[in-house]
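In: The sequence and its predicted three-dimensional model are supplied below.
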Amino acid sequence: MIGYIYIKKKKKKIFYILLAITITIIVAEGFSKLFVKFRILDKGLPSWVTLRAHPDFGFWHPKNTTLTIESKNCWVSTISYDYDGSRKVFNGDNKINKEFKSIALLGDSMLENIEVNDGSDLGSLIQKKLKSYRVLNFGVRGTGLGDQIEIYKKLIKPLNVDYLFLFLTENDIYNNVKGFTTVHHKRFDYINKKILEIPKDENFLNNYNSKKNIFFRDGLLILKKLDLYKVYLEYYYHFKIKKKSQKTSSQESRIKISEKFNLSEKKIRIYNKIKKDFINALDPQTQLFVFLNARPHIFDPTKDKDTLNEYMVTNFYKDVWKDVPNFYDPYNYAKKKLIKKKKFSFPYLSWDCDHHYSYEGSSIYSDFVSKSFLKTINLNNND
């Protein structure tokens, strides 16, 4: 009898505890929805949620998942990632034959294009326009050419792709240079006329990718529809990532942002070394196509100091990559398209809130990429 009463009291206590937890979650979710409604919190998951400090690739993404994300209360998009962490490519109604020749896309945030929905992103539009090819999008935000070499060697090269499209962004000039990048990227320094590779911060990587952190950051993506989870992610970012990043930045004596596009001897030498390493890593059976990205500064280089410096980096790229036969500059093509649409004004192909491709920008640029590729292939076939 005493045991029965004890069990009954225990069950009652557990019931009240579970009830209290349930009520707390409901109330917290209600307040979280108010935060979203009054724009204190983003409507979708924060854009950084897909990033991971991968020990090999710098940043990488969760696998086999679809997310609705937002940035700066400016754009909201639904994006999907494939089994290997690459952004999924959607091809509309066209069925892709496994016998089709394959094209791998490699670049940074301009190529990943998370700012637009699945199917309207750069990779998907290139696929839709190149119907007789299989397109794979390995664009990763925050990476430089040094990180992209690793992505190529470990993920793309084993696929034996027929064509590799490399997309150049001005950020590449500093993304792998010590003092301008994070501790989980490939980093180089130029000291005493020698280029030295700086080891990655293994403590940061091990902590960031601990089982506990991966579970709470990535494993709970099943809760992505809950606004309460968005609150947790904001907490996680500001107190677990940003705080540590700021501490690391001060330890690294991070250089002023205004100097990031300056073409110093250090950056030029490091970029030339990375470019040489990239060319040496290529499979001789894979044909390389290199595309400059159509960022706003190429249309208006005198807008401010930053756009002028980026414009100078673009000119530097034209000189560095001139030995590559298939090198393409989108300036004339994109300018004609924008003038025809009466939209030749800042920010041109980008969103008002940032310099990444908008829906119209990804459409125009994908036209340029697809037509440039097909024109070259047809010319080679006729020779």
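Out: Yep, that arrived.

In: which is the next helix or strand following the strand or helix carrying Tyr16?
Out: Per DSSP states H and E: Tyr16 is located in helix 2-37. For helix 2-37, the succeeding helix or strand toward the C-terminus, using DSSP H and E, is strand 45-46.

In: what comes up buried for whichever helix or strand comes after that following strand?
Out: Sequence-wise, the next helix or strand downstream of strand 45-46 (DSSP H and E) is strand 52-54. If you call a residue buried by 16 or more other Cβ atoms under 10 Å, then strand 52-54 has these buried ones: Arg52, Ala53, His54. Any C-beta I mention is one placed from the backbone N, CA and C, and that applies to glycine too.

In: Kindly report the same for stretch 333-352.
Out: Tyr333, Ala334, Lys337, Leu338, Pro347, Tyr348, Leu349, Ser350, Trp351.

In: OK, contacts around the residue most central in space within the chain?
Out: The geometric centre of the chain, computed from its C-alpha atoms, lies nearest to Arg141 (Cα atoms, centre = their mean), at 2.0 Å. Neighbour list for Arg141: Thr50, Leu51, Phe59, Asp108, Ser109, Glu112, Ile114 [criterion: Cβ atoms under 8 Å, 6 or more residues apart in numbering].

In: And stretch 102-121, end to end?
Out: Across stretch 102-121, the terminal residues are separated by 18 Å (Cα to Cα, to the nearest Å).

In: what's the answer for stretch 66-81, then?
Out: Terminal-residue distance, stretch 66-81 (Cα to Cα): 6 Å.

In: Kindly report the same for stretch 87-99.
Out: Using Cα to Cα, one end of stretch 87-99 lies 22 Å from the other.

In: Low-confidence regions, the stretch 201-350 of the chain specifically.
Out: By pLDDT under 70, the weakly predicted segments of the stretch 201-350 of the chain are 240-258.

In: any chance you could map the strands in it?
Out: Ranges of strands in the stretch 201-350 of the chain, per DSSP state E, counting those that start in this stretch, are 287-292, 327-328.

In: so which of the ones you listed comes closest to Ser120?
Out: With Cβ to Cβ, the closest approach to Ser120 among those belongs to strand 287-292: 19.0 Å.

In: helices or strands up against that closest one?
Out: Applying 3 or more Cβ pairs under 8 Å, 6 or more residues apart in numbering; DSSP states H and E, we find strand 287-292 packed against strand 163-168, helix 305-320, strand 327-328, helix 359-382.

In: Direction included, what does that strand pair against?
Out: Sheet pairing of strand 287-292 (DSSP bridges) gives strand 163-168 (parallel), strand 327-328 (parallel).

In: which ones are touching the residue nearest to Ser370 when sequence neighbours are not counted?
Out: Spatial nearest neighbour of Ser370, chain neighbours left out: Lys129 (3.8 Å); criterion: Cβ to Cβ, 6 or more residues apart in numbering. Contacts for Lys129 (Cβ under 8 Å, 6+ apart) come out as Ser366, Asp367, Ser370.

In: Skipping adjacent residues, who's closest to the first one in space?
Out: Beyond its immediate neighbours in the sequence, the residue positioned closest to Ser366 (Cβ to Cβ, 6+ apart) is Leu125, lying 3.7 Å away.

In: then the helix or strand that contains the one you found to CSV, C-alphas only?
Out: According to DSSP H and E, Leu125 maps onto helix 122-129. The C-alpha trace of helix 122-129 is given here as CSV (Å, rounded to 0.1, in the frame of the first residue of the first chain):
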residue,chain,number,x,y,z
LEU,A,122,22.7,30.4,-60.0
GLY,A,123,23.5,26.7,-60.0
SER,A,124,19.9,25.7,-60.8
LEU,A,125,19.6,28.3,-63.6
ILE,A,126,22.8,27.2,-65.2
GLN,A,127,21.5,23.6,-65.1
LYS,A,128,18.2,24.6,-66.7
LYS,A,129,20.1,26.4,-69.5
